[in-house]
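Asker: structure for the following, please:
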Amino acid sequence: MYQYDKPDNLVETFEESVKKHAGNRMFGTKNKDGVYEWITFGEVARRVDNLRGGLAQIGIKQGDAVGIIANNRVEWVVAAFATYGLGGRFIPMYEAELLHIWKYIVADSQVKVLFVSKPDIYEKIRNFPNDISTLQSIYLIEGTGEETMEALERLGEKNPVPSIRPKPEDVAVLIYTSGTTGDPKGVLLTHGNFTSNFQGGIAKYPHLNEKDVSLAILPWAHSYGQTAELYAMIHLGGSMGLAESAATIAQDILAVKPTWLIAVPRVFNRIYDGITAKMRDEGGLAKALFDMGVAAAKKKRELAAQGKSDFLTNIKFAIADKIVFSKIREKMGGRLKGSMTASAAMNVDIAYFFYDIGIPVYDCYGMTETSPAIAMNASYSFRFGSVGQAIDKVKIVIDSSVVEPGAADGEVVAYGPNIMKGYHNKPDATREVLMPDGGLRTGDRGRLDKDGFLYITGRIKEQYKLENGKFVFPAALEEDICLVPWVSNCVIYGENRPYNICLVVPEFPALQRWAEQKGLPTDARALTEHAEARAFIAGEITNALKGKYGGYEIPKKFLLLEENFTLENGMLTQTMKLKRRVVLKKYMDAIEALYRGK
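Answerer: Model prediction:
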């Protein structure tokens with residue numbers, strides 16, 4: 001049994017912050033005119049109290065499940081903390097989800113009351129109670145009438161009930177994993193899981209306080225956004241502007257002016273790609289200054305590591321910083337002190353770039369089953385290329401028994417108060433990952449350096465052998481290939497084959513500009529079938545991989561795809577992870593044809 005520090009439950013976490021920061025801005029939401037309007041901690045707390053009373057009036061009690069189908073919004077938080085205050089379990093679901101997945105989650109978790117964000121979603125699920133005996137009622141968030149959250153809050157305002165204090169071992173949330181295969185698994189996460197995890201995370205960034213502002217990009221339905229941003233910022237008393245959508249992030253950053261971002265590498269990869277593409281297109285003095293500044297920043301950093309400095313290098317950097325880099329920082333709100341990224345490995349060169357221009361990006365690591373943080377780089381202690389050291393109260397062990405003999409790495413096993421209780425209704429799946437001594441097998445390969453910094457080297461199940469017996473770790477290759485400016489997405493395949501093949505989704509706007517200059521057809525389908533375009537992409541990828549990977553790892557043949565990998569076509573999970581098997585199944589005939597030389 002772990003010793004939990006106070007607050008050891010989410011109800012106390014929220015209520016203590018409300019007492020300290022009642023007048024502080026808590027959430028900002030963009031109105032119809034595109035202007036952010038803010039609501040305070042105290043105002044949110046009143047809505048939580050009212051909804052808690054309403055839920056109690058309709059029979060929600062300790063241990064009951066309350067579900068929600070909604071993107072990040074104030075009502076999501078109101079519903080969550082009203083549920084926690086009754087000792088209930090909260091079941092968040094994504095708006096962009098398949099109907100049968102919603103139905104499975106609602107039935108499996110035995111949701112009694114379900115909140116839905118919009119009328120169109122309500123119409124899709126309104127008949128769920130006919131098929132799911134445990135579902136008693138559905139309430140609409142955006143609507144009027146008796147079956148709405150607003151009506152339930154009014155009911156609770158007239159019939160208030162006090163909040164209870166859950167124990168740290170009580171289940172707070174079921175987060176259903178994306179399910180790259182089979183049904184999604186409900187991860188049972190406790191109050192103590194969450195509180196110990198955000199406390200360990202905050203300790204890595206002691207400069208953060210109630211004056212900090214984040215832009216909520218990641219979904220709170222996932223443990224990363226929920227713990228690292230929502231609960232951590234509530235505990236600090238900070239404020240969160242809610243991003244309108246993935247397409248509006250650039251404008252939302254300018255409006256909210258965040259001091260801190262909880263993000264994934266994809267966000268910074270896209271920003272970096274946009275910056276470098278703009279410099280490439282502008283050329284002339286702008287590009288020369290940019291290139292000079294990047295080179296000077298690199299030299300300045302390398303000299304500083306040796307305790308040295310160079311006057312001319314500092315002058316060059318200062319000029320580029322004033323004319324170029326300062327404008328990049330302004331485009332990112334002008335106040336950004338840094339960012340935490342996880343979910344995938346951050347490219348080291350891109351991490352160096354943002355560090356050099358004054359926006360350090362700290363790579364972290366975890367999984368839903370660990371609430372989620374296991375290791376984090378800290379503002380005071382970080383190493384590029386690593387995912388940091390174990391957070392407070394967490395221990396990392398590398399199990400080399402499950403990889404090839406002589407390997408310098410092994411499976412990452414985590415121990416700590418952040419480990420889930422198990423998978424709901426799935427004892428066999430739970431036993432596969434939870435060890436008798438309390439450790440959790442992550443399925444990731446990694447190694448620890450002498451100072452305890454963790455380096456992720458691959459995924460146990462995704463590694464494969466080529467025909468010649470050599471191991472390939474496709475994820476590492478794919479991350480580097482996706483940094484090629486002409487590539488939007490890719491998949492590497494070659495299990496038990498003589499060589500690797502790469503399926504490539506081109507970055508079509510860039511490739512179409514290239515094709516236009518070459519006098520080639522610019523239609524997307526025509527480009528994917530054109531030998532010269534394929535040869536160009538193949539050359540760019542091969543050049544990017546040379547020197548970093550063995551010749552046997554670099555793909556020999558390439559297949560250009562017109563359709564990207566998306567949530568809608570089932571090739572990505574809700575957390576933007578690749579459903580490798582789905583992609584390979586769809587394109588296996590074309591892959592086989594390539595191996596046959598066609």
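
Asker: so which elements touch the longest helix anywhere in the chain?
Answerer: Ranked by number of residues, the top helix in the chain under DSSP state H is helix 284-305. For helix 284-305, the packing partners by 3 or more C-beta pairs under 8 Å, 6 or more residues apart in numbering; DSSP states H and E come out as helix 265-282, helix 311-320, helix 348-356. For the C-beta atoms, the positions are set from N, CA and C on the backbone; glycine is no exception.

Asker: got a list of contacts for it?
Answerer: 279-280, 309-310, 313-314, 316-317, 319-321, 323-325, 352-353, 355-357 (C-beta atoms under 8 Å, 6 or more residues apart in numbering).

Asker: in ChimeraX, select just the buried ones from those residues.
Answerer: With 16 or more other C-beta atoms under 10 Å as the criterion, this ChimeraX line picks the buried residues out of the contacts of helix 284-305:
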select :279,313,316,317,320,321,324,325,352,353,355,356,357
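
Asker: pretty sure Ile58 is touching Val113, no?
Answerer: Yes: with contact defined as C-beta atoms under 8 Å, Ile58 reaches Val113; the gap is 6.7 Å.

Asker: more crowded one of these two?
Answerer: Using other C-beta atoms under 10 Å, the more surrounded residue of Ile58 and Val113 is Val113, with 23 against 14.

Asker: ok but that one is inside a strand, no?
Answerer: Yes: checked against DSSP: H, G, I helix; E, B strand; the rest coil, Val113 lies within a strand.

Asker: what separation do you get for it and Leu230?
Answerer: For Val113, the distance to Leu230 equals 21 Å [C-beta to C-beta, to the nearest Å].

Asker: poorly predicted segments of the chain, please.
Answerer: For the chain, the stretches with pLDDT under 70 are 1, 178-182, 575-576, 598.

Asker: mind naming the longest strand for it?
Answerer: In the chain, taking DSSP state E as the definition, the longest strand is strand 440-448.

Asker: against which helices or strands is that strand packed?
Answerer: Using 3+ C-beta pairs under 8 Å, 6+ apart, strand 440-448 sits against strand 395-399, strand 410-415, helix 427-433, strand 454-459.

Asker: buried deepest among the ones you listed, which one?
Answerer: strand 410-415 (a mean of 22; mean count of other C-beta atoms under 10 Å).

Asker: which residues are in contact with that strand?
Answerer: With C-beta under 8 Å, 6+ apart as the criterion, strand 410-415 contacts 370, 374, 394-403, 435, 437-447, 454, 456, 460.

Asker: the helix or strand just after it pairs with which strands, and in what direction?
Answerer: The C-terminal neighbour of strand 410-415 among helices and strands, as given by DSSP states H and E, is strand 422-423. Sheet pairing of strand 422-423 (DSSP bridges) gives strand 186-190 (antiparallel).

Asker: related to what we said a few turns ago, so which of the helices and strands packed on strand 440-448 is nearest Gln251?
Answerer: Among those, the nearest to Gln251 by C-beta to C-beta is strand 454-459 (33.2 Å).

Asker: just the CA coordinates for the closest one, please, in PDB.
Answerer: The C-alpha trace of strand 454-459 is given here as PDB (Å, rounded to 0.1, in the frame of the first residue of the first chain):
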ATOM      1  CA  LEU A 454      15.000   6.600 -19.700                       C
ATOM      2  CA  TYR A 455      15.400   6.200 -23.500                       C
ATOM      3  CA  ILE A 456      12.600   4.400 -25.400                       C
ATOM      4  CA  THR A 457      14.000   2.200 -28.100                       C
ATOM      5  CA  GLY A 458      10.900   0.600 -29.600                       C
ATOM      6  CA  ARG A 459       7.700  -1.300 -29.000                       C
END
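
Asker: by contact count, what packs against that strand?
Answerer: Judged by 3+ C-beta pairs under 8 Å, 6+ apart, strand 454-459 is in contact with strand 440-448, helix 474-481.

Asker: would a markdown table of the ones you listed with distance to Phe268 be doable?
Answerer: Below are the helices and strands packed on strand 454-459 laid out as a markdown table (distance: least, C-beta to C-beta, whole Å):
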| stretch | distance to Phe268 |
| --- | --- |
| strand 440-448 | 21 |
| helix 474-481 | 13 |
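
Asker: pretty sure Lys461 is in a strand, no?
Answerer: No: under three-state DSSP, Lys461 falls outside any strand and is assigned coil.

Asker: hmm, it is touching Asp444, no?
Answerer: No: judged on C-beta under 8 Å, Lys461 makes no contact with Asp444 at a distance of 9.7 Å.

Asker: counting neighbours, go ahead and name the busier of these two.
Answerer: Set Lys461 next to Asp444 and count neighbours by other C-beta under 10 Å: Asp444 wins out with 24 against 10.

Asker: tell me the angle of the longest helix of the chain relative to helix 348-356?
Answerer: Going by axes from the mean of the first three to the mean of the last three C-alpha atoms, to 10 degrees, helix 284-305 is angled at 90 degrees with respect to helix 348-356.

Asker: ok, and for helix 284-305, which residues are buried?
Answerer: By 16+ other C-beta under 10 Å, the buried positions in helix 284-305 come out as Lys287, Leu289, Phe290, Gly293, Val294, Ala296, Ala297, Lys298, Lys299, Lys300.

Asker: cool, and stretch 551-569?
Answerer: The neighbour-count check on stretch 551-569 (16+ other C-beta under 10 Å) flags Tyr552, Glu553, Ile554, Pro555, Lys556, Phe558, Leu559, Leu560, Leu561, Phe565 as buried.

Asker: could you do stretch 399-409 as well?
Answerer: Across stretch 399-409, burial judged by 16+ other C-beta under 10 Å covers Asp399, Val403, Asp409.
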